[in-house]
Structure formats: structure tokens, C-alpha cells
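> Any chance you could fold what I've pasted below:
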Amino acid sequence: MIFSSICSRLLRTDGRTDGDRDLSPLKEEITDYYTFGPYKPKVTIENDIVSIEIDTSSISTQKPDFEAAVKHCEGGRFNKAKPILEKLIKKNPTVSEYHRILGQIYSDEGRQEDAINCLIDALRWDPKNTHALTMMGNIFARAKNDISTAMSYYEHALAVKPDDHIAMNNIGANLMQLGRVNDAQRYFEQALSINSDYPNTLYGLGMISEMKGNHLASFDYAIQALKKCKPGHPVYSNALEMAQQASLRAAQGIDASEMFNQYSQRLAIESGKNIDIVQDDNIPTPAKFEMAENYKREKHVIRFKKDRLAVAHLMMHELVHLDFAIQCRKRNANFLFLAKKEQKELFIRENEPIIQRLNREGLDDKSIADFITALFNGINSQTYNTPVDLFIEDFLYKTYTQLRPFQFLSLQILLKDYIDAATNKKVLEYTPAKIRTANIILSLVHSYQFRDLFGHDVSPLFKATSPQVKLAKEFYAEYLKYLKNDKALDAHLLILKWAKELRVDN
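Next comes the predicted model:
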């Protein structure tokens with residue numbers, strides 16, 4: 001099928017004859033404009049006539065097969081993609097992309113020489129195929145350790161397409177491998193300015209920052225990289241490891257006491273009461289806040305366990321509890337949640353079957369009473385704290401950027417504890433179903449926030465049921481709606497609503 005059009009005004013604006021003019025830039029522009037996927041038109045210009053020849057029959061017959069092959073590749077089903085591509089190449093060997101994708105498959109399978117041969121064919125039919133040029137560079141850099149040859153392919157790709165962020169990223173990676181750190185950083189930053197969502201570039205900048213001893217920046221780049229890819233992506237596991245190591249190093253180099261002291265002094269003034277810090281290894285949680293009024297004291301108290309990793313985050317977390325309470329008090333909107341004797345007795349009656357079972361298994365009365373009390377206090381604490389804690393963690397993340405490495409490490413440990421509780425066979429065996437379900441759902445909500453803040457999704461580790469996941473996602477969506485509308489001080493509404501939906505409100 002041939003399209004023709006008259007372009008005499010465009011071609012003769014400079015007054016030169018056909019033989020004097022270089023029409024290749026115009027031909028390239030027209031070719032790019034009429035290219036459809038991997039199918040390029042044939043463009044000729046003669047006597048002011050532009051002819052564009054498009055093989056529509058090939059497009060209509062081969063496009064579905066090509067798309068099927070690409071889909072198989074994306075799913076890692078190379079054995080299904082290869083026969084389709086080989087058939088397409090036999091039908092129409094002039095399509096560069098057929099060869100390029102087959103080369104990608106061979107490279108992923110470790111057949112680098114076969115990959116190179118395919119890419120040579122791809123470049124023979126389209127010397128400006130930047131994907132093929134970049135892939136050739138990758139093979140020479142990674143499989144053959146031939147950096148100079150790899151660089152020539154990357155530079156050629158950039159000459160064809162100056163805004164090719166992948167080529168820039170790969171040049172940066174090779175320069176970093178050669179020890180030219182500053183030059184590598186320049187290429188990575190240029191690549192990032194073109195595409196800020198490419199996880200490889202963010203990871204590369206994280207490596208550069210780590211090399212330069214800027215652990216906080218390295219941690220930040222690692223988190224950004226995690227947010228831009230999913231588990232299974234080549235960068236994901238490396239970025240997670242970088243986040244772990246960089247957060248530990250960054251936490252060692254940051255004096256969190258200054259943040260804590262400034263914040264606590266401000267809150268002491270606003271609340272009219274000083275704040276005591278007490279090491280207490282007997283508390284049931286890593287840290288605990290005790291409001292003076294609730295304990296009929298002259299001072300507020302923050303208790304903490306000494307050897308808890310990143311305890312600075314937990315102490316800051318407890319201060320935000322006081323901050324929110326002060327803000328609510330200014331609005332005359334405080335609520336006090338408490339459990340009385342009646343609720344405890346009801347809880348015991350509801351769980352009489354568990355108590356009888358433990359009796360039959362030979363546990364003494366004190367052990368059983370301690371177990372039931374721990375369950376009672378645990379579910380009450382989790383039901384009350386989950387909505388409030390979500391707002392607290394968001395506040396800390398946005399307000400104290402230097403606290404983020406502590407927050408990352410601390411929340412990871414908490415989530416590990418939640419996962420252990422949700423999957424421990426003994427816990428599953430002896431915990432009432434209603435309490436176990438509520439615990440898993442509320443823990444899942446925390447995992448969704450951790451994913452959004454730090455890019456690491458641990459929710460599959462809970463092995464939750466579909467109904468549990470569904471309700472947890474509904475809870476998290478409600479929290480996000482409150483957050484968007486700046487309703488952190490209305491968290492009591494979520495406490496009441498979620499408790500009712502979990503059937504633990506009584």
C-alpha cells in the first residue's frame with residue numbers, strides 16, 4: 001500500500017536543486033512518524049514527491065503473533081516465544097525487532113554468542129535500533145567483561161537517541177565498574193532526569209552514595225528503587241539489601257537524641273508536664289508511653305527496653321502519642337479508651353473452651369490466667385493502637401527524614417514479630433479464631449503502610465486468607481482517606497469502626 005503527497009514548498013524553501021539538498025533528515029522524520037511498532041515504512045523522495053510504502057498486509061498478519069511473542073517473553077515463557085519469533089523471521093527477515101527480541105531471549109538463557117548473532121542481524125536491518133545497541137553493550141560489559149566495546153555500543157545508542165536513559169544508565173554502571181565514580185554519577189543523574197522511575201538508575205546512585213560514605217542518601221535511593229519495582233525484578237533484592245546495610249550505617253552516624261530532646265522539650269511546655277525517660281525491660285512492648293493524667297502522676301513517662309535495635313524511633317513514636325493528645329485537648333476532643341472488669345469477665349466467658357482445653361492438658365491455673373490476660377490485653381492494645389500508629393508513622397516519615405533509617409529497621413522488626421505471631425503453629429492452635437483473625441488483619445494493615453513508605457511488601461508472608469486480605473485492604477483504604485483529609489485527630493472513629501467490624505468491640 002503506497003501513500004504519496006506533494007511537499008514542494010517544504011523541500012524548496014532554500015532555493016536549491018534536488019541534487020544539492022540532503023533529504024536524509026526529512027526521510028528519517030517521516031520514517032519515524034509512520035513507523036508502527038516494529039514495522040518501518042519505506043520512504044523515498046523524488047522530484048518533490050514523498051512516497052511512503054507501508055506493508056499493511058505484514059502488519060495485519062504478523063502483529064498478533066509478534067504481540068503474543070512479547071507477552072510470552074514478559075512472562076518468562078521463552079520456549080513459547082522462540083518458535084513464534086523464528087517463524088516471523090522466516091516470513092519477514094527485514095524486521096529488526098524480531099531479531100532483537102530473539103537475541104534478548106538467548107542472552108537471558110546464557111547463550112551469549114547466539115544473542116550477539118541475533119543482535120547483529122537486528123542492527124543490519126536497523127543500525128539505529130537503540131534497544132539492540134544497548135543490549136550488545138550489556139552483553140560485552142557483563143558476559144565478556146569488555147568495557148571498551150560495551151561503551152562504544154552505548155555511545156552509539158546515545159548518538160542515535162540522546163535521551164536514551166537506559167544507555168546512559170549502562171554507561172554509568174560501566175564507568176562505576178572502572179572506578180570513575182564521579183563520571184558514573186554524572187551519567188546516572190542525567191539518566192534520572194530523563195526517567196525518574198527507572199529502578200536501575202536509582203540503585204546505581206545508591207551505590208555511588210555508599211561509595212562516597214553518604215549512607216543516608218544511599219538508603220534513600222535504595223528505598224526509591226524498591227518503590228519502582230516489584231519482587232522478582234533484578235534490582236529488587238539488591239535494593240533491599242542496600243536499604244538494610246545503608247540504614248544500619250546511617251543510624252550509627254546520626255545522633256537521634258537531638259531530635260528527641262527538642263521534640264520532648266516542646267511537648268513538655270505544651271502539656272505543662274515534664275517527661276521522664278525510664279529503661280524498663282519488663283514492659284510487654286519495646287516502648288510504652290504513660291500519660292501523667294491517666295496514672296495520676298506529675299510527669300509523663302516513656303518506658304523503653306534497652307537492647308532494642310533502633311529504639312530511637314520507638315521513643316519518638318511514643319512522643320507523637322502525647323503530641324496528638326495535646327492537639328485533641330486543644331479541640332476539647334479527647335477520648336479515653338479503657339477496659340474494665342466487665343470486659344475482662346466477658347472475654348473469659350467467651351473463651352471458656354480454650355481455658356478448659358488448657359486445663360485438660362495439665363497447665364496450672366496461674367499459667368492459664370496469665371495466657372488469657374495476655375490475649376485480652378494484646379487484642380485491646382492492638383485494636384486501639386493500630387489506627388493511631390498509622391498516623392504516627394506517617395507523621396514521623398514526613399517530618400523527620402533523618403529518622404527514616406531508624407524507622408525502617410524498627411518497623412521491620414515489629415512486622416517480623418507480627419508475622420511470627422500470625423504463622424506460629426502453637427499460636428494458631430491455642431488462640432481463639434476471632435482474636436487470631438483480628439490480629440492478622442490489623443497486622444496486614446501495618447504491612448501495607450510499610451510497603452508504601454519503604455517499598456518492601458511483606459504482606460504475603462502472613463499467609464492470610466482472601467477474606468482477611470480483603471478486610472485489611474478496606475481498613476487501609478479508609479485510613480488513607482482520613483490521611484488525605486488531614487483527620488489524624490479523628491482516629492478514634494476508626495478505632496470504634498474497626499473494632500466493630502472485627503467483632504472485638506465488646
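
> now Leu502, nearest residue through space, not along the chain?
Counting by Cβ to Cβ, 6 or more residues apart in numbering, the nearest residue to Leu502 once its immediate chain neighbours are dropped is Ala438, at 4.2 Å. No exception for glycine: its C-beta is placed from N, CA and C like everyone else's.

> Let me know the next secondary structure element after the helix or strand where the one you found lies.
Counting by DSSP states H and E, the element that carries Ala438 is helix 433-454. With elements assigned by DSSP H and E, the helix or strand that comes after helix 433-454 is helix 466-484.

> Pull out the buried residues from that following helix.
Burial within helix 466-484, assessed by neighbour count using 16 or more other Cβ atoms under 10 Å, is assigned to 468-469, 471-472, 475-476, 478-479, 482.

> Closest to Glu393 out of these?
Checking those against Glu393 with Cβ to Cβ, the nearest one is Tyr479 at 10.8 Å.

> Confirm for me that the closest one is in contact with Leu390.
Yes - if you go by Cβ atoms under 8 Å, Tyr479 and Leu390 touch, sitting 5.1 Å apart.

> what is in contact with these two at once?
By Cβ atoms under 8 Å, 6 or more residues apart in numbering, Tyr479 and Leu390 have these common neighbours: 445, 449.

> now the top helix by length along the chain, how far from the centre of its chain.
The helix that spans the most residues within the chain, counting by DSSP state H, is helix 365-399. Taking the mean of its C-alpha atoms, helix 365-399 sits 26 Å from the chain's own mean (Cα atoms, centre = their mean, to the nearest Å).

> Check which residues of that helix are buried.
Neighbour counts over helix 365-399 (16+ other Cβ under 10 Å) mark 368, 371-372, 375-376, 378-380, 382-397 as buried.

> likewise stretch 301-317?
Neighbour counts using 16+ other Cβ under 10 Å place 301-305, 308, 310-317 of stretch 301-317 among the buried residues.

> same thing with stretch 439-453?
Of the residues in stretch 439-453, those buried under the neighbour-count criterion (16+ other Cβ under 10 Å) are 439-451, 453.

> With stretch 324-336 instead?
For stretch 324-336, using 16+ other Cβ under 10 Å, the buried residues are 324-325, 328.

> again, but for stretch 488-506
When neighbours are counted by 16+ other Cβ under 10 Å, the buried residues of stretch 488-506 are found to be 488-489, 491-492, 494-495, 498-499, 502, 504.

> Low-confidence ranges, this protein, go.
Flagging of the chain using pLDDT under 70 yields the residue ranges 1-24, 26-43, 47-48, 50, 52-61.

> Could you say which helix or strand holds the residue lying closest to Ile413 once chain neighbours are set aside?
Taking Cβ to Cβ, 6+ apart as the measure, Ile413 lies nearest to Leu309, with 6.2 Å between them; neighbours along the chain are not counted. Using DSSP H and E, Leu309 sits in no helix or strand.

> can you pull the contacts of Leu309?
By Cβ under 8 Å, 6+ apart, the contact list for Leu309 reads 409-410, 413.

> ok, back up a step: pick the one among the buried residues of stretch 324-336 closest to Pro460.
Within those, the smallest distance to Pro460 is 31.8 Å, found for Phe324 (Cβ to Cβ).

> isn't the closest one right up against Ile392?
Yes - at 7.4 Å, Phe324 and Ile392 qualify as touching, with contact defined as Cβ under 8 Å.

> From Asn334, how far off is Asn506?
23 Å (Cβ to Cβ, to the nearest Å).

> Show me what the closest residue to Ser264 other than its chain neighbours bridges to in the sheet.
Nearest residue to Ser264 in three dimensions, chain neighbours excluded: Ile275, at 5.1 Å (Cβ to Cβ, 6+ apart). Legend: beta-bridge partners of Ile275 under DSSP bridges are His300.

> hang on, Ile275 packs against His300?
Yes - counting by Cβ under 8 Å, a contact exists between Ile275 and His300, whose distance comes to 4.6 Å.

> residues bridging contact with these two, i.e. touching both?
When contacts are counted by Cβ under 8 Å, 6+ apart, Ile275 and His300 are jointly contacted by 268, 322.

> roughly how far out does stretch 396-409 sit from the chain middle?
Using Cα atoms, centre = their mean, the mean C-alpha position of stretch 396-409 is found 16 Å from that of the whole chain.

> hmm, back to that, want to throw the buried residues of stretch 324-336 into JSON lines with distance to Gln265 and secondary structure?
Shown next, in JSON lines, are the buried residues of stretch 324-336 (distance: Cβ to Cβ, whole Å; DSSP: H, G, I helix; E, B strand; the rest coil):
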{"residue": "Phe324", "distance to Gln265": "18", "secondary structure": "helix"}
{"residue": "Ala325", "distance to Gln265": "17", "secondary structure": "helix"}
{"residue": "Cys328", "distance to Gln265": "21", "secondary structure": "helix"}
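
> just curious, which of the residues you listed is nearest to Gly204?
Nearest to Gly204 among the buried residues of stretch 324-336: Phe324, at 39.9 Å, using Cβ to Cβ.

> what's the spacing between the closest one and Val388?
Applying Cβ to Cβ, one obtains 7 Å for the distance of Phe324 from Val388.

> what sits in contact with each of these two?
Ala491.

> Could I get the full set of strands for the chain?
Taking DSSP state E as the criterion, the chain contains strands spanning 2-6, 42-46, 49-53, 275-279, 287-290, 300-304.

> Around the residue nearest to Leu178 when sequence neighbours are not counted, how many other residues sit close by?
Once flanking residues are discounted, Leu178 sits nearest to Ile147: 6.1 Å by Cβ to Cβ, 6+ apart. Around Ile147 there are 16 other residues, counting by other Cβ atoms under 10 Å.

> can you pull the contacts of Ile147?
140-141, 174, 177-178.

> Could you identify the buried members of these?
With neighbours counted using 16+ other Cβ under 10 Å, those contain these buried positions: 140-141, 174.

> how about those residues in JSON lines, adding distance to Met168?
Written out in JSON lines, the entries for the buried ones among the contacts of Ile147 read as follows (distance: Cβ to Cβ, whole Å):
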{"residue": "Phe140", "distance to Met168": "17"}
{"residue": "Ala141", "distance to Met168": "14"}
{"residue": "Asn174", "distance to Met168": "11"}
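
> so, if you compare the residues you listed, which one comes nearest to Arg360?
Among those, and counting by Cβ to Cβ, the member closest to Arg360 is Ala141, at 67.3 Å.

> OK, contacts around that closest one?
Under the criterion of Cβ under 8 Å, 6+ apart, the neighbours of Ala141 are 147, 150, 170, 173-174, 177.

> what sits against the closest residue in space to His156 that isn't next to it in sequence?
In this structure, His156 finds its nearest non-sequential neighbour in Leu133, 5.3 Å apart by Cβ to Cβ, 6+ apart. Counting by Cβ under 8 Å, 6+ apart, Leu133 touches 123, 153-154, 156-157, 160, 167.
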